[in-house]
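> whatever this is, show me its structure:
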Amino acid sequence: MTAIARRIGLGLAARGEVAEVVAWSAAARASGLDSVWIHDSYFERDAVSYVSAIAAELGADEREDGFRIALGAVNPNTRHPVVLAMTGSALDEMAPGRIVMGIGTGLPLRLKQMGIPYAPETAIEGVSRAMDQVRALWAGERLPSAVEGLPPIQPMFPPPHRIPLVIAAYRKEFVQLAGEKADGYLARPAESIASLAGITRRLRDAAQSAGRDPDAVEPAGYLLSLVDASRREALNRAKREPFVIYMISVLGDVALQRAGFERELRDRIATAWRAEEFHTAAGLIPDDLLDAFMLCGTAEEVAAGALAFHERAGLTLPLLQPILQEDAQVRALIGAAELYGRLPQAASEHWGRDLEALDGVAATDATPRGDESLSPADWLRRRGAAVWEVLRPFSFTASLTPVAAGGALAWFNGPPFSLLPFILALLGGVLLHIGTNVVNEVYDVRKGIDTITSPRASHAVLKGRFTEGGALRLALVAFALAIGVGVGLIALRGWPIVVLGLLGLAAGYFYTAPPFEYKFHALGPPLVFVLMGPLMTLGGYYAASGEWSPVALVLSLPIGLLVAAILHGNEWRDIREDTRAGIVTLSARFGREWAHYGYLVLILGAYVVLGLGVAAGILPPATLIAILSLPFLVIVVRSAELGATGQARAIAMIDLQTARLHAAFGALLVLGLINGAVAK
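You can find the predicted model right below:
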């Protein structure tokens, strides 16, 4: 491990898999970071447990690298000072001399929710007393009993190595206390450089007034950070994230004033946040507001921002805290921390003023800064990737399968079979699907249903890779091309195509678009069943043969059931997000238990209908080859059963798994019909 030239740490919340947080801590240590800080977030998980796991894993390695493991922070209101002393002794045994303990009061609102008394006028005295008691117990000293007449408290644990105590509380009186008797001060997330500069000045003044060396009190602070391929994309991602909107909504008047912003702006954002109108709130947040309180950009720009907080605000130990606590973001921030140690001092001068001047400051970073700095080839490649993401080509099997099945049945029944109108029908179905996909994404973003952490197939609009206006124009082009294809089909097959085309066009656009918004009124799965089951299968049959067939209607049923299952699985998984956004889906209306049963009915029903259709002599026996898709069925059934027990991760990709089942079932069905037609 090579130590970073400037000290910098990683801040993490006590959430997610413990093993993952341990792995991130190990990566931070290997990259030369100073420390990892785990903070309690009521009501998530326990920070002490995470720190214990990290200490047990990293403490066993006897390398003398000085990597510290910090509780940042705990409080004596929920953990008595005796308990804190006990905790520190145990942790110190696992990672000797490397434990840091942050102490604060805990958020008054959270304490009140738990029925724990909190009095602002005695909070400072309480933290000060807790520090004295913890230090006394660590020194092996006895404490007087809280109740007169009882024996004193005698520590029965081994005295630890020196454990620094850091104050994590945000009133100026706590800054004073930290200067007088703490080993450091831990600033909260979303502080501006101006605010932190004032805090560090008061901290040094307090230490000097108490006769202490000001350098003996370490100022640290969480810097909320988000890394992306360009600053524009990072800012757009951050603005869409409800956590960021919340943090902006609770900024204090003084903090805003020091950073040069009006509180009215904060109030408008807060109003939209409370109404859960995240799209509106995101549109109200200016770039410079995020730049003042958070670090958003490429890894290099985040590093330069951290350097600005270090040099301009006197933050001795910046702690990069991911806005999105996921593997890619955490590891990107570890990379930014490494860059932080290599940046020249002049790099910080550009933060918040001329970020473009950062280009090329660190030759080791080849990350693109933004669209404006890309070569034409790179720009086209990035734009093509955004278009590919928003189109979601993997989903096209949902529209290709029913049309192909109808055409294959027409060939099986043959003649007549006409190839050109059949190909036009396939193309028209895909174009309608493209338009529907894009419109759906735009309105899911506008309604706040999609967030960065949502397990969606596309985040192109959400991340700013594609503007809403550009996406809607793309959808309109797809619909216009579908109309053009429809005109060609009308010329070949007559006016019945008009009815099918208009139904498909209206159902696709108004699926999420106002005024009808079928998806948001518990009509999504039934509409998709009709549109991508009977309508498209009958349309494919009619386009290929110029005739109608009741057999095609029966053939469409299992296909429609499976495509409806794709959407239903999506809605089942997203009940919480949809409900939060005020969206009424079938799954939200009937609840998780019945959503699970409904999903099983749809996927198993497809096989039952197919078998009954063949048994009744309606469907050709050749279609039974679709039963070879059973391995895909087993996968989704297993996921569904795990999801029904509360394991949300098991159904995180239930829609994609069901799409694979639908594609396999449909491909085999079409293959069976084609094989039967050739064998005749």
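
> check which helix or strand residue 124 maps to.
Residue 124 is part of helix 120-138, with elements assigned from DSSP states H and E.

> hang on, residue 408 packs against residue 668?
No: when contacts are counted by C-beta atoms under 8 Å, residue 408 is not listed as touching residue 668 (11.2 Å). Quick note: C-beta positions are derived from backbone N, CA and C, even for glycine.

> of these two, which one has the most company?
Shown here are residue 408 and residue 668; by other C-beta atoms under 10 Å, residue 408 has more neighbours (28 against 17).

> neighbours of the residue nearest to that one when sequence neighbours are not counted, how many?
Among residues not flanking residue 408 along the chain, residue 673 sits closest, at 3.8 Å (C-beta to C-beta, 6 or more residues apart in numbering). The number of residues packed near residue 673 is 27, by other C-beta under 10 Å.

> returning to that earlier point: the helix holding residue 124 - contacts with which helices or strands?
helix 81-94, strand 99-103, strand 165-167, helix 172-181 (3 or more C-beta pairs under 8 Å, 6 or more residues apart in numbering; DSSP states H and E).

> just checking, what packs against the second one?
Read that as strand 99-103. Judged by 3+ C-beta pairs under 8 Å, 6+ apart, strand 99-103 is in contact with strand 35-39, strand 68-74, helix 81-94, helix 120-138, strand 165-167.

> so what's the gap between the helix or strand residue 505 falls within and the chain middle?
Element membership of residue 505 [criterion: DSSP H and E] is helix 496-509. Once both centres are worked out by C-alpha atoms, centre = their mean, to the nearest Å, helix 496-509 turns out to sit 36 Å from its chain's centre.

> what average pLDDT does it get?
The pLDDT scores in helix 496-509 average 84.

> quick check: next helix or strand after that helix?
The helix or strand immediately downstream of helix 496-509 is helix 524-530, counting by DSSP H and E.

> got the buried residues for that following helix?
Neighbour counts over helix 524-530 (16 or more other C-beta atoms under 10 Å) mark 524, 525, 527, 528, 529, 530 as buried.

> and the closest residue in space to the first one that isn't next to it in sequence, what is it in contact with?
Pointing back at residue 524 there. Nearest non-adjacent residue to residue 524, counting by C-beta to C-beta, 6+ apart: residue 567, 5.3 Å away. With contact set as C-beta atoms under 8 Å, 6 or more residues apart in numbering, residue 567 has these partners: 524, 525, 528, 655.

> the same query, at a cut-off of 7 Å, please.
Taking C-beta atoms under 7 Å, 6 or more residues apart in numbering as the criterion, residue 567 is in contact with 524, 525, 528.

> mind checking the SS state of it?
helix (DSSP: H, G, I helix; E, B strand; the rest coil).

> all strands of the stretch 251-400 of the chain, in order?
For the stretch 251-400 of the chain, applying DSSP state E, counting those that start in this stretch gives strands covering 295-297, 317-322.

> and those: which comes nearest residue 17?
Closest approach to residue 17 among the strands of the stretch 251-400 of the chain (C-beta to C-beta): strand 317-322, 14.9 Å.

> mind listing what's buried in the closest one?
Buried residues in strand 317-322, counted by 16+ other C-beta under 10 Å: 317, 318, 319, 320, 321, 322.

> quick check: bridge partners of the first one?
So that's residue 317. Judged by DSSP bridges, the bridge partners of residue 317 are residue 220.

> would you agree it is in contact with residue 6?
No: if you go by C-beta atoms under 7 Å, residue 317 and residue 6 don't touch, sitting 9.4 Å apart.

> sketch out the low-pLDDT regions of the stretch 301-450 of the chain for me.
345-375, 378-379, 382-383, 446-450 (pLDDT under 70).

> repeat that for the stretch 1-150 of the chain.
1-3, 60-64.

> please, where are all the strands along the stretch 551-680 of the chain?
Using DSSP E, counting those that start in this stretch, strands in the stretch 551-680 of the chain do not occur.

> hmm, back to that, compare the strands of the stretch 251-400 of the chain and give me the one nearest residue 435.
Short answer: strand 295-297, nearest of the strands of the stretch 251-400 of the chain by C-beta to C-beta, at 32.3 Å.

> and stretch 130-143, how far from the chain's centre?
Computed by C-alpha atoms, centre = their mean, the chain-centroid distance of stretch 130-143 equals 43 Å.

> hey, C-alpha coordinates of that stretch in PDB?
Below are the C-alpha coordinates for stretch 130-143, written out as PDB (Å, rounded to 0.1, in the frame of the first residue of the first chain):
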ATOM      1  CA  ALA A 130     -20.000  11.400  28.400                       C
ATOM      2  CA  MET A 131     -16.500  12.100  27.100                       C
ATOM      3  CA  ASP A 132     -15.100  12.400  30.600                       C
ATOM      4  CA  GLN A 133     -16.800   9.200  31.700                       C
ATOM      5  CA  VAL A 134     -15.600   7.200  28.700                       C
ATOM      6  CA  ARG A 135     -12.000   8.400  29.100                       C
ATOM      7  CA  ALA A 136     -12.100   7.600  32.800                       C
ATOM      8  CA  LEU A 137     -13.300   4.100  32.200                       C
ATOM      9  CA  TRP A 138     -10.700   3.500  29.500                       C
ATOM     10  CA  ALA A 139      -8.100   4.600  32.000                       C
ATOM     11  CA  GLY A 140      -9.300   1.900  34.500                       C
ATOM     12  CA  GLU A 141     -10.900   4.400  36.800                       C
ATOM     13  CA  ARG A 142     -14.100   3.800  38.700                       C
ATOM     14  CA  LEU A 143     -17.200   6.000  38.300                       C
END
